[in-house]
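Colleague: 3D model of this:
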Amino acid sequence: MLSPVQAERLIQSLPRPISPEDNRTACSVITGVRDGKTLSQIISYYSLSHDLAQKWWDKFNFSEVRPIEKKKRGAKTSKLDSFIKDNIGKTLKSNEIIEKCEITTPTLYNYINANRGFFKKVSRGTYLIIDPAQERKVEKSNV
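Modeller: As a prediction, the model looks like this:
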């Protein structure tokens, strides 16, 4: 990743007798690297020619620059979803769920509040994990 000053210096050091398309592509590649994008992201974001963008990417030697990977927020809930589906019918304490899913307490309680159908409170901090679809079938058959 480049600092804004480094990016500005690179843009100013571009050779002058280049075509407007080359100038736009070179500036876009520099700006994209400054913003932490990969080459494919830069090409799609700025609608660049792949060959031309690759030429400038190689010329500036950006192949050694690695963008910072951002964690996705949904990773925690997807991990929790799979854990809950694997443990249907078990009674677990909130601390056990937190440790096994590697999440924080507020994350767990937000998940429980958003997905009340999967949990029956047994006692303080202890929940029975249930399958809401199965519970509905049982309720319908009792009526």
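
Colleague: toward the C-terminus, what is the element adjacent to the longest helix seen in the chain?
Modeller: Longest among the helix segments of the chain by residue count, using DSSP state H, is helix 20-34. From helix 20-34 onward toward the C-terminus, using DSSP states H and E, the following helix or strand is helix 39-46.

Colleague: which residues does the next helix or strand after that next one contact?
Modeller: Beyond helix 39-46 on the C-terminal side, the first helix or strand identified by DSSP H and E is helix 50-59. Contact partners of helix 50-59, identified using Cβ atoms under 8 Å, 6 or more residues apart in numbering, comprise Glu21, Asp22, Thr25, Ala26, Ser28, Val29, Leu39, Ile42, Ile43, Ser63. Bear in mind the C-beta positions are built from the backbone N, C-alpha and C, glycine included.

Colleague: and if you look at stretch 10-18?
Modeller: Stretch 10-18 is touched from outside by Leu2, Asn23, Ala26, Cys27, Ile30, Phe60, with contacts defined as Cβ under 8 Å, 6+ apart.

Colleague: from these, which single one is nearest Val122?
Modeller: Closest approach to Val122 among the contacts of stretch 10-18 (Cβ to Cβ): Leu2, at 54.9 Å.

Colleague: number of nearby residues for the closest residue to the closest one other than its chain neighbours?
Modeller: In space, not counting the residues next to it along the chain, Leu2 is nearest to Arg34; the distance is 4.4 Å by Cβ to Cβ, 6 or more residues apart in numbering. Counted with other Cβ atoms under 10 Å, the burial measure for Arg34 works out to 19 neighbours.
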